[in-house]
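> got a structure for you, letters missing:
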């Protein structure tokens, strides 16, 4: 601003040369004699985006703030009463009823009035006990920086309001009476804002006072306006001035419709039902549909949402209106300083709303779970929602949506088992937005997969049935994990998981691998693998073991595997491959692994046979262990070759002297190509057999504890306990090779009948002894077709 100033009398010798050009004296009303002109540097096109509502808001803001300051009110005590007549609309400021003494008369602190004067609509804005000073027209000139009850802070509002209302298309005249002066605002021919101040004569003041008293007596106005003690702005009416281009113009009146539109600038100028406002210490939630999308600060409109333009800094649609109790605006006074500030304040308001009006929880839920549109009311709620509101939302969902499982679209699309998992949880799916899910996830909600895993881990363990299928599956799984360095100390547990669709789950913190009990039954395994019921049990066991071991190793974190020279995932695949190979070797050996016990009069003969053409190479070094059930049953827990100790005490002669009693348990080292191993033991003692591959310490131990029992009547020569090579056999050149068909099983045989005895064997090495009665007519001998072939031989004993 530049001013016409009354010079201060001072001796030029008192000032230094530099000071003479830098000292400026403030112009006040008291320093002006009769008139002054205040020229501004603000051009008429300043704040081109502002409309009359924003301009009137600045005038109303100054009006409200001045009343609060002049009468030492707090904002909660500021109240506005509205009256409307044929040619007049009056708002007068007073103290709220709750803060007034019941018998005290209602006091008016100021008014806003639209009326028709001299045939033209005029708006009057009056503050009692206030004065407008020239400094209030300075850029940045404000007294509100440190006052929390004041909404303005930038010091531009009044100047911008004057410019906006005077330029076209609004073209209104603006005058002011304050401090005993009449202020007339206009544009210069250079399109600058200018104010002309003329002191009101005593006679004019007396005439204005008489008119105000007359209005007050007849009830037209609730106060007597004093031009010396109050501030009174007059907008509109009949007057001439210069337009924004600097040309002379006839000013326009303010119509009733225009004034009603202007009153949108302040919430306290609206006729709003109190039941549609939820007041909190941080601001108000406005549910009246007329104010949806509007944002107010201390009751003053910051911005109104329109079609295609949101009042929110986020750019998203606002579902409700909000009146913030505090905040810092941007320079354009359209919004709060940042979108984050706006989101925090709205969510803080909702936090108190939910606490006071719990029935509005459904409205908040709708905001959070809306996809189109995404509402600005809950923008960034996942970051800024208060803890109390988060707990409210959790409680609301659990109460209102029982039997529902909450999830996001992203979770469902990424999990091909999602529907199966939710069904296993006995729930119906209910989709939430990503931000809503982020909120409730911090309140203890889990994804369907996480819940399934949690329930699976907490499921009770079951006892493995004492049947071959279940025991074989469990043993192979444990052996496979023990053979892999990354899972060697993992515990295996089968659990009663009910309808849960999870097959297995590995918990890294607990180092436990849990498996659904359905895999312990033949029917359950067939159903899960989706294979025919005609499959052999051995093949089914093989398929189950490979499937579950692959699941287990896949769930082990990559960091447990080597990092170099290849990627970790390569070593994880290698571990799965090695397990598959060991399972396959185990299955091949067990397929033809025969354990029989021949019982004689004084002792039992334990016999073990296997096919040397499958499983291992013939030169592989193996150990065969014969152990008593009564003393060594715990050795059955040895799953891989490295766990089977050498030199067991139970296998040694005690005392170790020549001729001493042979040990009750026995371990024999031999090559896999031998194909058999035998041991003479005390009659009636139960034994189990273990075969382990010493050439591969990670290979699985073959266990057999259910031998085939053969009752033998006559005693047989002592069989060496140490396996020896089969003595060479000399075939009778005249003997004829014949094929016999197996008949029914016999329980006893008459050894007194004369027979020709033959050794026999089948294609996989199973041996048999065949006896043919000597007086039997060859034509009546058994028919051809047996898988056993025999040839008369004469044994040569080598001494």
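Cool, got the structure. Please read all numbers here as calculations on a predicted model, not as lab measurements.
> so which residues of the stretch 451-600 of the chain form helices?
Under the criterion DSSP state H, counting those that start in this stretch, the stretch 451-600 of the chain contains helices at 468-483, 522-529, 537-555, 568-591.
> just want the angle from the longest one to helix 468-483.
Between helix 568-591 and helix 468-483, the angle formed by their directions is 140 degrees, by axes from the mean of the first three to the mean of the last three CA atoms, to 10 degrees.
> quick one: low-confidence parts of the stretch 301-450 of the chain?
The stretch 301-450 of the chain contains no residues with pLDDT under 70.
> could the helices of the stretch 451-600 of the chain go into TSV alongside distance to residue 195 and mean neighbour count?
Where C-beta positions appear, they are placed from N, C-alpha and C, glycine not excepted. Output for those, formatted as TSV (distance: least, CB to CB, whole Å; neighbours: other CB atoms under 10 Å):
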stretch	distance to residue 195	mean neighbour count
helix 468-483	90	22
helix 522-529	89	15
helix 537-555	80	20
helix 568-591	78	18
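> residue 704: which of those is closest?
helix 568-591 (8.1 Å; CB to CB).
> pull the residues that contact that closest one.
For helix 568-591, the surrounding residues in contact (CB atoms under 8 Å, 6 or more residues apart in numbering) are 476, 479-480, 483-484, 486, 538, 541-542, 545-546, 549-550, 553-554, 556, 558-559, 561-562, 610-611, 614-616, 691, 698-700, 702.
> one step back: would you turn the helices of the stretch 451-600 of the chain into a markdown table with mean pLDDT and distance to residue 712?
Formatted as a markdown table, the helices of the stretch 451-600 of the chain follow (pLDDT from 0 to 100; distance: least, CB to CB, whole Å):
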| stretch | mean pLDDT | distance to residue 712 |
| --- | --- | --- |
| helix 468-483 | 94 | 26 |
| helix 522-529 | 92 | 35 |
| helix 537-555 | 94 | 29 |
| helix 568-591 | 94 | 26 |
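> looking at the ones you listed, which is nearest to residue 379?
That would be, of these and by CB to CB, helix 537-555, which comes in at 38.4 Å.
> got a list of what residue 55 touches?
By CB under 8 Å, 6+ apart, residue 55 lies in contact with 160-162, 164-165.
> including secondary structure, neighbour count and distance to residue 417, could the residues you listed go into CSV?
CSV is the format used below for these (DSSP: H, G, I helix; E, B strand; the rest coil; neighbours: other CB atoms under 10 Å; distance: CB to CB, whole Å):
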residue, secondary structure, neighbour count, distance to residue 417
160, helix, 20, 62
161, helix, 25, 64
162, helix, 26, 69
164, helix, 24, 63
165, helix, 24, 67
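> so which of the residues you listed would you say is closest to residue 623?
Distances from residue 623 to the contacts of residue 55, taken by CB to CB, are shortest for residue 160, at 98.4 Å.
> name all residues that make contact with the nearest residue to that closest one once chain neighbours are set aside.
Computed as CB to CB, 6 or more residues apart in numbering, the closest residue to residue 160 that is not its neighbour in sequence is residue 47, at 4.6 Å. Listed by CB under 8 Å, 6+ apart, the contact partners of residue 47 are 160, 163-164, 332.
> enumerate every residue touching residue 523.
Counting by CB under 8 Å, 6+ apart, residue 523 has no contacts.
> so that it lines up with my notes, have the first residue be 19 from now on.
Okay, residue one is now 19; in that scheme the one you just asked about reads as residue 541.
> just to revisit the earlier point, quick check on the residue nearest to residue 178: phi, psi?
The phi/psi pair for residue 65 (degrees, to the nearest 10) reads phi 50, psi 60.
> got it, and residue 301?
phi 150, psi -170.
> against residue 580, how distant is it?
According to CB to CB, to the nearest Å, residue 301 and residue 580 sit 60 Å apart.
> those two: who's more crowded?
residue 301 (23 against 14; other CB atoms under 10 Å).
> in the sheet, who's paired with that one?
Beta-bridge pairing of residue 301 under DSSP bridges involves residue 298, residue 342.
> who's in contact with it?
By CB under 8 Å, 6+ apart, the neighbours of residue 301 are 340-344, 363, 366-367.
> could you rerun that using 10 Å?
Residues counted as contacts of residue 301 (CB atoms under 10 Å, 6 or more residues apart in numbering) are 313-316, 340-345, 363-364, 366-367, 370.
> go on, residue 709?
Contacts of residue 709 (CB under 10 Å, 6+ apart): 607-608, 611, 613, 626, 628, 633-634, 640-643, 659, 662, 686, 690, 695, 717-722.
> out of these, which are buried?
Buried members of those, counted by 16 or more other CB atoms under 10 Å: 607-608, 611, 613, 626, 628, 633-634, 640-643, 659, 662, 686, 690, 695, 717-721.
> which residues of the stretch 169-318 of the chain fall in strands?
192-196, 199-205, 210-217, 249-254, 258-260, 266-268, 295-298, 301-304, 313-315, 318-321 (DSSP state E, counting those that start in this stretch).
> deepest-packed of the ones you listed, please.
Most buried of these, by mean neighbour count (mean count of other CB atoms under 10 Å): strand 313-315, with a mean of 27.
> parallel or antiparallel, list what pairs with it.
strand 318-321 (antiparallel), strand 339-342 (parallel).
> want to throw these into JSON lines with distance to residue 105?
Shown next, in JSON lines, are the strands paired with strand 313-315 (distance: least, CB to CB, whole Å):
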{"stretch": "strand 318-321", "distance to residue 105": "26"}
{"stretch": "strand 339-342", "distance to residue 105": "31"}
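> mind checking the ones you listed for the one nearest to residue 203?
Shortest distance between residue 203 and these, using CB to CB, is found for strand 318-321: 21.9 Å.
> tell me the bridge partners for residue 645.
Taking DSSP bridges as the rule, residue 645 bridges to residue 706.
> what's the answer for residue 141, then?
With DSSP bridges as the rule, residue 141 is bridged to residue 132, residue 253.
> looking at the strands paired with strand 313-315, which is nearest to residue 210?
strand 318-321 (27.8 Å).
> who are the neighbours in contact with the residue lying closest to residue 374 once chain neighbours are set aside?
Of all residues not flanking residue 374 in the chain, residue 296 sits nearest, at 6.9 Å (CB to CB, 6+ apart). Shown in contact with residue 296 (CB under 10 Å, 6+ apart): 302-305, 338, 367-368, 370-372, 374-375, 378.
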